[in-house]
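Student: Build me a model:
(one chain, ligands or ions: 1)
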Amino acid sequence: MSREHSRELFERACKVIPGGVNSPVRAFRSVGGDPLFIKAGQGAELIDADNNHYLDCIGSWGPLILGHAYPAIIGAISEQLSSGTTYGAPTELEVHLAEAIVAAVPSIEKVRMVSSGTEATMSAIRVARGFTGRSKILKFEGCYHGHADFLLAKAGSGVATLGLPECAGVPASITADTITLPYNDVEAVSELFAAEGDSIACIILEPVVGNMGCVPPLPGYLQVLRDITAAHGALLIFDEVMTGFRLAYGGAQERFGITPDLTCLGKVVGGGMPLGAYGGRADIMDAVAPVGPVYQAGTLSGNPVAVTAGIAMLTELLERKQEIYPYLEDLGAKLSAGLQAAAKKAGRNVLVNQLGSMITVFFTDLDTVTNYADAKASDTAAFGMWFRKMLDQGIYWPPSQFEAAFLSAVMTEEDIDRIVAAAEVAFNA
Ligand code: KE4
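Tutor: Numbering: from 1, shown residues only. The predicted structure is shown next:
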């Protein structure tokens, strides 16, 4: 399989774009080799600059739960484009999408749209601080909430992938109020809140982590966070940028039956276009300007083209949710079982964490991976070799041990069988 054109493009890109990519995790730095330059996506497939076809297990890092170029989304965007791309003024489209989000996620009574997940989490934290009058925030090691300065403390995703001890350019003063604790550690949270709970504005977490690899919450963990924040007047923020509309139509909070105070959304909600959102209790969201004193703004916030894609995505998911989410559960379970069996057959020690359509193969001897320390103990070199062997067989897996793979509803059982067969070869390589 020639990748000559990708290589040429990468060489050109590196001259004018840092690392040749517009987001570090795309750079293949931790898995070796050069990144593929993609020229098209169709359904469950990606096509690179050399016309090689791949089964896509990334889905643009989560948005494409319905695969690439989904007709209903493309049709809606194409129609909207003939009316222009942005007005910088309120539109009926935004009201429609806001109403759809409020209907889908009961904890969200009011919602503000932005252009990325980073903006959503950054703004939600500002609202929590403004609403409570407190400065301290708690996040968990290995969770990634975008690249706002104060959230780049022990972050997962690309920061973990590149092994960056911390992010340069973020003064210690900026992260001084960011407390980090291990994920899934109830005792640590209880001790912290006993000591300083009344000075903590919020907890923000991925209710199911994707950014240290897939790490679900231990039984009861989310309820403890809900109870302890309520008891201390702190807010509970679910960062559902990755899990929103993916793990259920109402997100992880629907799946686990937990009601956060604020929720951050991105990825799926934008239907593949640049759109994020944050929302929650009306009394909290009314702290946001122009109603309240917490300022947040954006030139392209609620952009009509992006919102149109989001409406088309949510319309499709709502109409088909009784079919799509059980189907994704089945695909995820089938892939998890297949990967474990293939690794066992090859005599390889791996641990597969999977929940719904999120899945990670940890190259580890550990029996469980429930936090960042566990995840970081994985053999990233072995993962890199496995990744490259999968790619050579036409399977486009996330190029990082610290990311989740994502399945889409346009994948078939035959696709899952194909991934498992390729994994067996790669485990034996
Ligand atoms: P964006 O600013 O990238 O739209 O969203 C930031 C974000 C916030 N919260 C969660 C839970 C997220 O997963 C993300 C972004 N996820 C990464 C992949 N794990 C995006 C991929 C990338 O950085 O290129």
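Student: Was I right to think Val352 contacts Thr360?
Tutor: Yes. Assessed by C-beta atoms under 8 Å, Val352 is found in contact with Thr360 at 7.2 Å. C-beta here means a position set from N, CA and C on the backbone, and glycine is covered the same way.
Student: Between those two, point out the one with more neighbours.
Tutor: Ranked by neighbour count (other C-beta atoms under 10 Å), Val352 and Thr360 place Thr360 first, with 30 against 17.
Student: What pLDDT does the model give the more buried one?
Tutor: Turning to Thr360, the model gives it a pLDDT of 98.
Student: In this model Phe406 seems to touch it, though I could be wrong.
Tutor: No. Contact status for Thr360 versus Phe406: not in contact, 10.5 Å apart, counting by C-beta under 8 Å.
Student: Next, count neighbours for the closest residue to the ligand within the stretch 1-150 of the chain.
Tutor: Shortest the stretch 1-150 of the chain-to-the ligand distance, computed as C-beta to the nearest ligand atom: residue-wise this is Gly117, at 2.3 Å. Residue neighbour count, defined by other C-beta under 10 Å, stands at 30 for Gly117.
Student: quick one, what contacts it?
Tutor: Remark: with contacts taken as C-beta atoms under 8 Å, 6 or more residues apart in numbering, Gly117 is in contact with His145, Gly146, Asp239, Val241, Cys264, Leu265, Gly266, Lys267, Gly276.
Student: What sits closest to it if chain neighbours are left out?
Tutor: Counting by C-beta to C-beta, 6 or more residues apart in numbering, the nearest residue to Gly117 once its immediate chain neighbours are dropped is Gly266, at 3.2 Å.
Student: could you flag which of the contacts of Gly117 are buried?
Tutor: By the neighbour-count criterion of 16 or more other C-beta atoms under 10 Å, the contacts of Gly117 include these buried positions: His145, Gly146, Asp239, Val241, Cys264, Leu265, Gly266, Lys267, Gly276.
Student: mind putting these in a markdown table, pLDDT and distance to the ligand included?
Tutor: Written out in a markdown table, the entries for those read as follows (pLDDT from 0 to 100; distance: C-beta to the nearest ligand atom, whole Å):
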| residue | pLDDT | distance to the ligand |
| --- | --- | --- |
| His145 | 97 | 5 |
| Gly146 | 97 | 3 |
| Asp239 | 98 | 5 |
| Val241 | 98 | 3 |
| Cys264 | 99 | 7 |
| Leu265 | 99 | 9 |
| Gly266 | 98 | 5 |
| Lys267 | 98 | 7 |
| Gly276 | 98 | 6 |
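Student: ranges for the helices of the chain?
Tutor: Using DSSP state H, the helices of the chain run over residues 4-16, 71-81, 92-104, 117-132, 157-161, 172-175, 186-196, 221-231, 251-256, 282-285, 304-345, 372-376, 380-392, 413-427.
Student: lowest-confidence stretch among those?
Tutor: helix 157-161 (a mean of 86).
Student: Residues touching it, excluding its own?
Tutor: Residues from elsewhere that reach helix 157-161, judged by C-beta under 8 Å, 6+ apart: 23-25, 29-30, 142, 144, 152, 167, 211-212, 372, 375-376, 400-403.
Student: quick check, distance from it to the centre of its chain.
Tutor: Using C-alpha atoms, centre = their mean, to the nearest Å, we find the averaged C-alpha position of helix 157-161 to lie 13 Å away from the chain's own average C-alpha position.
Student: do the same with stretch 388-407
Tutor: When distances are taken as C-alpha atoms, centre = their mean, stretch 388-407 is centred 16 Å away from the chain's centroid.
Student: can you tell me the distance between the two ends of that stretch?
Tutor: Start and end residues of stretch 388-407 are separated by 19 Å (C-alpha to C-alpha, to the nearest Å).
Student: Enumerate the residues of the stretch 301-429 of the chain near the ligand.
Tutor: Contact residues (C-beta under 6 Å from any ligand atom) of the stretch 301-429 of the chain with the ligand: Glu403.
Student: Could you report the distance from Lys376 to Gly158?
Tutor: In this view, Lys376 and Gly158 are 15 Å apart by C-beta to C-beta, to the nearest Å.
Student: Just give the closest residue to Ala404, not the sequence neighbours.
Tutor: Leaving aside its chain neighbours, Ala404 sits nearest to Gly210 (3.8 Å; criterion: C-beta to C-beta, 6+ apart).
Student: Please work out how many residues are found near that neighbour.
Tutor: Using other C-beta under 10 Å, the number of residues around Gly210 comes to 29.
Student: Now do the contacts for it.
Tutor: By C-beta under 8 Å, 6+ apart, Gly210 lies in contact with Gly62, Met242, Thr243, Met358, Glu403, Ala404.
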